[in-house]
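Peer 1: below is the structure, and that's it, no one-letter string:
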Ligand SMILES: Nc1nc2c(ncn2[C@@H]2O[C@H](COP(=O)(O)OP(=O)(O)O)[C@@H](O)[C@H]2O)c(=O)[nH]1
Ligand SMILES: [Mg+2]
C-alpha cells in the first residue's frame, strides 16, 4: 500500500497518527507528540498501521497483532512514484493526499496521479484524502475546485475498473481518520 502526495500535504503526520492504535483521549497531547520529529520526506518512509488484534486461538502462529504496511513516497519524488509502483505486482492500493488549502501544490502533482493510475491494474483502489480542511472556509466550494484541478470526474470515467473514494481530513480533531483507518483495514490483504 502506498501513500503519495505533494511535499507538505500532510502524509507523514496522517500516517503517524494512524500508527497510534487508539483514537486519542487527549487530542492536544497526541498532536504534540506526533510533531516532535517531522522532517520533510525526501525518500520513502515506512509505516505499520494496526489493523486487527492478535489471533490468540491460532496456537501455531505467534500471537502478533495484524498490521498494514504503508510506504510514504515523498512529494519531491513525484516523478519517480511510478518506479516504486511498478515494483509491486497485482492489485494495488494508493492513498493520495492533497492539501485542500493549497491549490498550487495539487496542480503540480496532479499529472503524476494519472501516471500512477496507468500502472494500477483493475481491482485497484484509490483513496483521495483532502487534508487540512481545518484551514479551509468554504469546504464544498474548494472541493469542487480541487476535483476539477485533479480532473477527477474525467479520471473516474476513464478508469472504470479502479475503485475511487474520497474523504476530507484534518490532523486537528481527527476528521476523516476513522474512514481512512477503515479503508486501510479493508484493503490491506
Ligand atoms: N492545519 C493543518 N496543518 C497540517 C495538517 N496536517 C499536516 N499539517 C502541517 O503540514 C506540514 C507538513 O506535514 P507533513 O505530514 O510533514 O507533510 P508531508 O510532506 O506530506 O509528509 C506540517 O507542518 C504539519 O503541521 C492538517 O490537517 N491541518
Ligand atoms: Mg512526509
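Peer 2: That came through, no problem. Predicted model, so just to flag it, every value in this text is computed and none were measured. Ligands and ions are numbered 1, 2, ... in the order given.

Peer 1: from here on, just use CA atoms for contacts and neighbour counts.
Peer 2: OK.

Peer 1: what sits up against the helix or strand of the chain with the lowest mean pLDDT?
Peer 2: Taking mean pLDDT, DSSP states H and E as the measure, helix 27-34 is the helix or strand of the chain with the lowest mean score, a mean of 71. Applying CA atoms under 8 Å, 6 or more residues apart in numbering, the contact partners of helix 27-34 are 13, 16, 17, 24, 171, 172, 173.

Peer 1: flag every residue of the protein that's near ligand 1.
Peer 2: 7-13, 38, 40-41, 131-132, 134-135, 170-172 (CA under 6 Å from any ligand atom).

Peer 1: 8 Å instead, please
Peer 2: Counting by CA under 8 Å from any ligand atom, the chain comes close to ligand 1 at 4-15, 35, 38-41, 72, 74-75, 97, 131-135, 169-172, 174.

Peer 1: of the residues you listed, grab the buried ones for PyMOL.
Peer 2: Buried residues among those (16 or more other CA atoms under 10 Å), as a PyMOL selection:
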select buried, resi 4+5+6+7+8+9+10+11+12+13+14+15+41+72+74+75+97+131+132+133+134+169+170+171
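
Peer 1: among the residues of the chain next to ligand 1, which lie within helices?
Peer 2: In helices, defined here by DSSP state H, the members of the residues of the chain next to ligand 1 are 11, 12, 13, 14, 15.

Peer 1: how about the contacts made by the fourth one?
Peer 2: Same thing as residue 14. Residue 14 neighbours (CA under 8 Å, 6+ apart): residue 171.

Peer 1: now do the strands in the protein.
Peer 2: For the chain, applying DSSP state E gives strands covering 2-5, 44-52, 66-73, 93-99, 125-131, 163-168.

Peer 1: turn those into CSV, including distance to ligand 2 and mean pLDDT.
Peer 2: Shown next, in CSV, are the strands of the chain (distance: least, CA to the ion, whole Å; pLDDT from 0 to 100):
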stretch, distance to ligand 2, mean pLDDT
strand 2-5, 9, 90
strand 44-52, 7, 87
strand 66-73, 7, 89
strand 93-99, 11, 93
strand 125-131, 13, 95
strand 163-168, 18, 95
